[in-house]
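Colleague: I'd like to go over a predicted model; first the sequence, then the structure.
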Amino acid sequence: MMPDHEALTMKKVYQRLVPFLFILLIVNYLDRVNIGFAALRMNQELGLSPTAFGFGAGVFFLGYAVFEVPSNAILYRIGARLWIGIIMILWGIASGAMAFIHTETSFYVLRFFVGVAEAGFLPGVIVYLTNWFPSQYRSRANAGVVVATALASAIGSPISGVLMKFLDGVQGISGWRWMFIYEALPAVLLGIVVFFWLTERPQQAKWLTASERDWLTNALEKEHSHLASTAKFTLLQVLKIKKVWALSALFSCFLSALYGVLLWAPQIVKSFGQLTDLEVGLLGSLPFCCAGIAMPLIARHSDRVNERSLHVAVSMSVGGVALLLSAYAPSPTLSFILLCIAAAGIWGSLGVFWSMTSTFLAGPAAALGIAVINTLAQVGGFIGPTSVGIIRDRTGDFRLALAVLAGFALLAGFIAYRLDYRSRMTHIVLSH
């Protein structure tokens, strides 16, 4: 196939799949993190302390982790299209049910079940993309989808602010409860659309020409043939791979920093001054807009030079340093600017990271490997928000908490650098 024909094929695939998956992930993260915005009113109404809220926000990831590997195993058996649709409907129902919590215990239990319902969605999407995008196009595709993790907050913050402000008291119901209901509806509706829009594999894509289907199928099969020996790895064999554990540790540190900032961002921004909920929503969207700009730029450069680990290392290090400086900046304005830089650095590496996970396994083993990495890393999703709550309770502000999150980001950057160093040393040894 001529290069322009190849480019046209990948453009058609990108335009068909990435924008739709992007929308799905927007809805996914909006339902996952809107708890942070609800906390502006919910915590006071339910009598939740910072520690209680931090634990409840983090317990989501325990449910997520427990059902991650089983969920991805089901995905590989019944197909991504069917399972992704089912997951969306289930999490939409669970997220909407958050509107009916009345006690600390019900908050914990339902938040856990939202995690159970969402388990497998993001790794399932990453596995799905490996079935459509050869490696040289994969970081851009990953970034085009997972940039939604940043933009969900950029979009969701003002939407949540508007819902909480203008629906508060309607039919005697608090605005934060209405927010959960209205923001859960798109998940259920789009879950149904998934069944009709997504195509399982290139061979079945009637929206591609025969020559386009043949080229893409052959390109992916050729790429996967290099990893054929890994395709039938069992879970035990996957767990014996050192790189799986290294990437799990890296991603755990990443998630500690990411969710520590993400789920507490509205309260962090509110602590900068006397702001209304709507003002918090508008101002709080800016760090995630910066993240949304940085992610595709970093991924595009990573694809262009075909390098992953150093891109993650540099991006996470910049994010960690900026977050540390934000914690002790002399003014709220400077602290907020540094928070925007930190968000760009931390989120900016996400698309590249997911490309790293699909370079050494294929077939069912790739689905297992991605699930294992994401499962082991969910401890970070629990540690980050929970530690912020405990530290906030003990110290009365967010400075030390942000410094701890910065440490996690820097550690993630160091692990990524070590992965690059080991790779270069291995290449030098083999070349001699």
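Modeller: That came through fine.
Colleague: C-terminal to the helix or strand hosting Asp4, what's the next element?
Modeller: Following DSSP states H and E, one finds Asp4 within helix 3-46. Moving toward the C-terminus from helix 3-46, the next helix or strand (DSSP H and E) is helix 50-66.
Colleague: tell me the angle the next helix or strand after that next one makes with helix 50-66.
Modeller: As assigned by DSSP H and E, the chain's next helix or strand after helix 50-66 is helix 68-78. In terms of direction (axes from the mean of the first three to the mean of the last three C-alpha atoms, to 10 degrees), helix 68-78 departs from helix 50-66 by 40 degrees.
Colleague: list the buried ones in stretch 49-66?
Modeller: Across stretch 49-66, burial judged by 16 or more other C-beta atoms under 10 Å covers 50-66. C-betas here are computed from N, CA, C, even on glycine.
Colleague: and for stretch 308-328?
Modeller: 308-327.
Colleague: what about it, distance to the chain center?
Modeller: Between the centre of stretch 308-328 and the centre of its chain there are 17 Å (C-alpha atoms, centre = their mean, to the nearest Å).
Colleague: got the CA positions of it in PDB?
Modeller: Once non-C-alpha atoms are left out, stretch 308-328 reads as follows in PDB (Å, rounded to 0.1, in the frame of the first residue of the first chain):
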ATOM      1  CA  ARG A 308       8.300   6.100  25.400                       C
ATOM      2  CA  SER A 309      10.100   5.900  28.700                       C
ATOM      3  CA  LEU A 310      11.900   9.200  28.600                       C
ATOM      4  CA  HIS A 311       8.800  11.100  27.600                       C
ATOM      5  CA  VAL A 312       7.000   9.700  30.600                       C
ATOM      6  CA  ALA A 313      10.000  10.400  32.900                       C
ATOM      7  CA  VAL A 314      10.400  14.000  31.800                       C
ATOM      8  CA  SER A 315       6.700  14.800  31.800                       C
ATOM      9  CA  MET A 316       6.100  13.300  35.300                       C
ATOM     10  CA  SER A 317       9.200  15.000  36.700                       C
ATOM     11  CA  VAL A 318       8.100  18.400  35.500                       C
ATOM     12  CA  GLY A 319       4.600  17.700  37.000                       C
ATOM     13  CA  GLY A 320       6.100  16.700  40.300                       C
ATOM     14  CA  VAL A 321       8.400  19.700  40.600                       C
ATOM     15  CA  ALA A 322       5.600  22.100  39.700                       C
ATOM     16  CA  LEU A 323       3.200  20.400  42.200                       C
ATOM     17  CA  LEU A 324       5.900  20.700  45.000                       C
ATOM     18  CA  LEU A 325       6.400  24.400  44.200                       C
ATOM     19  CA  SER A 326       2.700  25.000  44.100                       C
ATOM     20  CA  ALA A 327       2.400  23.700  47.700                       C
ATOM     21  CA  TYR A 328       4.600  26.400  49.100                       C
END
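Colleague: what's the pLDDT at Tyr421?
Modeller: What the model reports for Tyr421 is a pLDDT of 58.
Colleague: what do you get for the one 3 residues further on?
Modeller: Among the per-residue scores, Arg424 holds a pLDDT of 55.
Colleague: give me the low-pLDDT residue ranges for the stretch 251-400 of the chain?
Modeller: Counting by pLDDT under 70, the stretch 251-400 of the chain shows low-confidence ranges at 357-367.
Colleague: can you give me the helices for it?
Modeller: Taking DSSP state H, counting those that start in this stretch as the criterion, the stretch 251-400 of the chain carries its helices at 265-270, 277-284, 286-305, 309-327, 332-348, 350-356, 363-395, 399-431.
Colleague: roughly how far is the first one from the heart of the chain?
Modeller: Helix 265-270 sits 20 Å away from the centroid of its parent chain (C-alpha atoms, centre = their mean).
Colleague: show me what it is packed against.
Modeller: Helices and strands touching helix 265-270, as assessed by 3 or more C-beta pairs under 8 Å, 6 or more residues apart in numbering; DSSP states H and E, comprise helix 3-46, helix 148-166, helix 277-284.
Colleague: tabulate the ones you listed (CSV), appending distance to Ala344.
Modeller: Shown next, in CSV, are these (distance: least, C-beta to C-beta, whole Å):
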stretch, distance to Ala344
helix 3-46, 17
helix 148-166, 9
helix 277-284, 15
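Colleague: just name the most buried of those.
Modeller: helix 148-166 (a mean of 23; mean count of other C-beta atoms under 10 Å).
Colleague: next, the angle helix 148-166 makes with the next helix or strand after it.
Modeller: As assigned by DSSP H and E, the chain's next helix or strand after helix 148-166 is helix 175-197. Here the directions of helix 175-197 and helix 148-166 differ by 140 degrees (the same axes, to 10 degrees).
Colleague: got the buried residues for helix 175-197?
Modeller: Neighbour count says helix 175-197 has 175-181, 183-184, 186-188, 190-191, 194 buried, by 16+ other C-beta under 10 Å.
Colleague: re the thing from before, so for the helix holding Asp4, mean pLDDT?
Modeller: 89.
Colleague: that helix to helix 363-395, inter-axis angle?
Modeller: 40 degrees.
Colleague: how far off centre is helix 3-46?
Modeller: Counting by C-alpha atoms, centre = their mean, helix 3-46 comes out at 9 Å from the chain centroid.
Colleague: again, but for stretch 154-170
Modeller: Taking C-alpha atoms, centre = their mean, one finds the center of stretch 154-170 at 23 Å from the center of the full chain.
Colleague: quick one, the helix holding Asp4 and helix 277-284 angle?
Modeller: Calculated by the same axes, to 10 degrees, helix 3-46 forms an angle of 150 degrees with helix 277-284.
Colleague: going forward, count from 32.
Modeller: Sure thing, new numbering starts at 32, so read that last one as helix 34-77.
Colleague: against Pro233, how distant is the nearest residue to Leu39 once chain neighbours are set aside?
Modeller: The shortest distance from Leu39 to any non-neighbouring residue, by C-beta to C-beta, 6 or more residues apart in numbering, is to Glu243 (7.7 Å). For Glu243, the distance to Pro233 equals 8 Å [C-beta to C-beta, to the nearest Å].
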